[in-house]
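Asker: Sequence first, then the predicted structure:
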Amino acid sequence: MKKCGLLFCSFLCLLNIANANDQPQAPNSPIKMTLIGEITEQGQKISGIALEYEDNILSGSNLRQLYQVQTQLDQQAPISRTVLKAYVNNQAQKSHQSNAGKFVIIELDTQDKNAIPYNLREENTQPMTFKAKDKNGEIVSVEKIQRTKVPEYYNDRLIYQVEQTGLLKLTNDKTLDKTSIKQSATQKTIHTPYLDEFVAKTVKGNPAENQLAYRFYRPQLNANQTYPLTLFLHGSGQVGKDNLAHLLSSKGAIATLAYEAGFVLAPQYQTVFDPFAPQDGIHWQTNNRLDLVLKMIDHTVKNEPQIDPSRIYLIGLSRGAEGALKLLQKRPHFFAAALLMSGREANTREWIDGNANAENLAALKEEKIWFFHSKEDKVSPVRGSRINYAILHDNLNAPNVKYTEFTMQQAGDNGIVNANPHNTWDAVFNSPEVIQWLLHQRRTTNEEKTK
């Protein structure tokens, strides 16, 4: 009898211990939060959160009901973020499916108004004087504003708060109690795929003050393998000294990376007029700036032997498309192919157009170029791309030139996300058809042509 009593007491003790082990507990160490960024058509946005727990999580392909997310800017009233999914993963990044691990990934809706972690400060808001043609073809002076937008991160002013609203079982049999985690949305706490790997560099001309800042992306390399190099030229809205705005404003610099590992060069000039060639045009029009671009490319190719010289690609949007077209003229038979979006007529000087003709575009007859434009574009009228294409295709019988024209009646038409027909690159950078076409092209040498 006494023996039975001891056994019963032992059973109760074990039961109490088991029950005690399953009591909700606070974590042994702080839960680490990583904000996950994404470059979208409307800039960099926080599209997810990774929470790192002390041990692997038992359940986890659908934890959406367990989490709520709010942001607070400058101690104002908190604003909710929309939670799309929550699941377990083995690293602090999004995944197409749940994986055993100690990270909870919370995917957020990038359409939330509070998804962007920075403010855009406007610069160059005063009119500048440029040369243009009037209706009679006479050269006149006109005033135009070349507004630019400079990203300024909120940093410690923006707080993300995650509420774990229920219990969470770990694989070590521990049950974590409800908890709250806070994190400032600083530049360093936001992990954005591809963007984080771009390194800031500078190319110098003569004199040494004649410089062009750029960003360089170098992929993880495998021995005995070659990789493409993509050059991205930004538009007038990304002029500046931050060496960052051109990476955030569109997917241009990363357009090819989701399809194939490769090198990327993304330069940024500082002023509308080139102080080292003030009479040679604006933006990418000046020979000085394009010479710096070519010097940057040559230096990169020389120092990165795994770049495939037959696969150097060119992407330009708006004023960048204009510059890219001139770059093709300066160095024909060098680039494998080019995507040119919403550009101007070839050889425009400031706003003086009417300079494109079969003679100065003849060097591009064999180039592989795909033009894109919206017919409703008010920033850079569609007439420029139509003229470029007509000269190349109709007059010069260029066999490798393509042209796609969009009609845009509302935001979203043809994949143009922003409410601006000028932004044809929204559609282009989201098009597997276009990007895969680009990456499929190879530069053809004279020797190959004669075989």
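Answerer: Received it, and whenever you're ready, just let me know what you need. Because the structure is predicted, anything quoted here is derived from the model rather than measured.
Asker: all contacts plus neighbour counts: C-alpha atoms, from now on.
Answerer: OK.
Asker: and the host helix or strand of Trp437, what does it pack onto?
Answerer: Using DSSP states H and E, Trp437 falls within helix 432-440. On a contact count with 3 or more CA pairs under 8 Å, 6 or more residues apart in numbering; DSSP states H and E, helix 432-440 meets strand 307-317, strand 337-341, helix 425-429.
Asker: what's the angle between the second one and helix 432-440?
Answerer: For the pair strand 337-341 and helix 432-440, the angle between their directions (axes from the mean of the first three to the mean of the last three CA atoms, to 10 degrees) equals 140 degrees.
Asker: Sheet partners, orientation included, of strand 337-341?
Answerer: strand 307-317 (parallel), strand 369-374 (parallel) (DSSP bridges).
Asker: Would you mind giving the domain segments of the chain?
Answerer: 32-117+155-187, 120-150, 194-450 (automatic domain parsing).
Asker: Mean neighbour count, distance to Pro381 and mean pLDDT added to the helices and strands packed on helix 432-440, as CSV?
Answerer: Supplementary listing: these in CSV, determined by neighbours: other CA atoms under 10 Å; distance: least, CA to CA, whole Å; pLDDT from 0 to 100:
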stretch, mean neighbour count, distance to Pro381, mean pLDDT
strand 307-317, 22, 13, 98
strand 337-341, 28, 12, 99
helix 425-429, 22, 15, 97
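Asker: Now distance to His393 too, for those, in TSV please.
Answerer: Listed next are the helices and strands packed on helix 432-440 as TSV, based on distance: least, CA to CA, whole Å:
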stretch	distance to His393
strand 307-317	20
strand 337-341	15
helix 425-429	21
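Asker: quick one: which of these is nearest Val88?
Answerer: Among the helices and strands packed on helix 432-440, the nearest to Val88 by CA to CA is helix 425-429 (30.1 Å).
Asker: if we look at that closest one, which residues are touching it?
Answerer: The contact list for helix 425-429 (CA atoms under 8 Å, 6 or more residues apart in numbering) reads 41, 250-252, 255, 317, 341, 414-418, 434-435.
Asker: let's see 6 Å
Answerer: Glu41, Ala255, Gly415, Ile416 (CA atoms under 6 Å, 6 or more residues apart in numbering).
Asker: So which bits of stretch 110-121 are buried?
Answerer: Going by neighbour count (16 or more other CA atoms under 10 Å), the buried part of stretch 110-121 is Thr110, Asn114, Ala115, Ile116, Pro117, Tyr118.
Asker: which one of those residues is nearest Lys188?
Answerer: Pro117 (11.7 Å).
Asker: what is the rounded mean pLDDT of the helix or strand hosting Gln161?
Answerer: Using DSSP H and E, Gln161 sits in strand 155-164. Computed over strand 155-164, the mean pLDDT rounds to 98.
Asker: Out of the domains of the chain, flag the one nearest Asp22.
Answerer: Asp22 sits nearest to domain 32-117+155-187 of all these, at 6.0 Å, using CA to CA.
Asker: Tell me the confidence at the residue most central in space within the chain?
Answerer: Centroid-nearest residue in the chain: Lys251, 3.4 Å away (criterion: CA atoms, centre = their mean). Confidence at Lys251, expressed as pLDDT, is 98.
Asker: What of Thr444?
Answerer: Listed pLDDT for Thr444 reads 81.
Asker: and it, that's in a helix?
Answerer: No - assessed with DSSP: H, G, I helix; E, B strand; the rest coil, Thr444 is coil; it does not lie in a helix.
Asker: circling back: distance to Ser180 and neighbour count added to the contacts of helix 425-429, as CSV?
Answerer: Listed next are the contacts of helix 425-429 as CSV, based on distance: CA to CA, whole Å; neighbours: other CA atoms under 10 Å:
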residue, distance to Ser180, neighbour count
Glu41, 32, 21
Ala255, 37, 20
Gly415, 38, 17
Ile416, 38, 23
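Asker: In helices only, show me these.
Answerer: Among those, the subset assigned to helices under DSSP state H is empty.
Asker: Just name the closest of those to Leu327, please.
Answerer: For the contacts of helix 425-429, the closest approach to Leu327 (CA to CA) belongs to Ala255, at 19.9 Å.
Asker: any idea how far Asp413 is from that closest one?
Answerer: 20 Å (CA to CA, to the nearest Å).
Asker: Need the strands paired with strand 337-341 in TSV (columns: distance to Thr300).
Answerer: Below are these laid out as TSV (distance: least, CA to CA, whole Å):
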stretch	distance to Thr300
strand 307-317	9
strand 369-374	23
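Asker: and Ser59, what pLDDT?
Answerer: So, for Ser59, pLDDT stands at 83.
Asker: Could you check which helix or strand contains the spatially closest residue to it that is not a sequence neighbour?
Answerer: Nearest residue to Ser59 in three dimensions, chain neighbours excluded: Lys169, at 7.0 Å (CA to CA, 6 or more residues apart in numbering). Assigned by DSSP H and E, Lys169 belongs to strand 168-169.
Asker: which residues are contacting that strand?
Answerer: Leu58, Thr175, Leu176.
Asker: can you tell me which residues contact the first one?
Answerer: Leu58 sits next to Lys169, Leu170, Thr171 when contact means CA under 6 Å, 6+ apart.
Asker: Going by distance to Asp196, which of these wins?
Answerer: Scanning the contacts of Leu58 for proximity to Asp196, where the rule is CA to CA, the winner is Leu170, at 31.4 Å.
Asker: quick one: low-confidence parts of the stretch 51-200 of the chain?
Answerer: Nowhere does the stretch 51-200 of the chain drop to pLDDT under 70.
Asker: Look up how far Asn423 lies from the residue nearest to Leu317 when sequence neighbours are not counted.
Answerer: Nearest residue to Leu317, sequence neighbours excluded (CA to CA, 6+ apart): Met341, at 4.7 Å. For Met341, the distance to Asn423 equals 8 Å [CA to CA].
Asker: swap in Gln268?
Answerer: Using CA to CA, Gln268 is found at 19 Å from Asn423.
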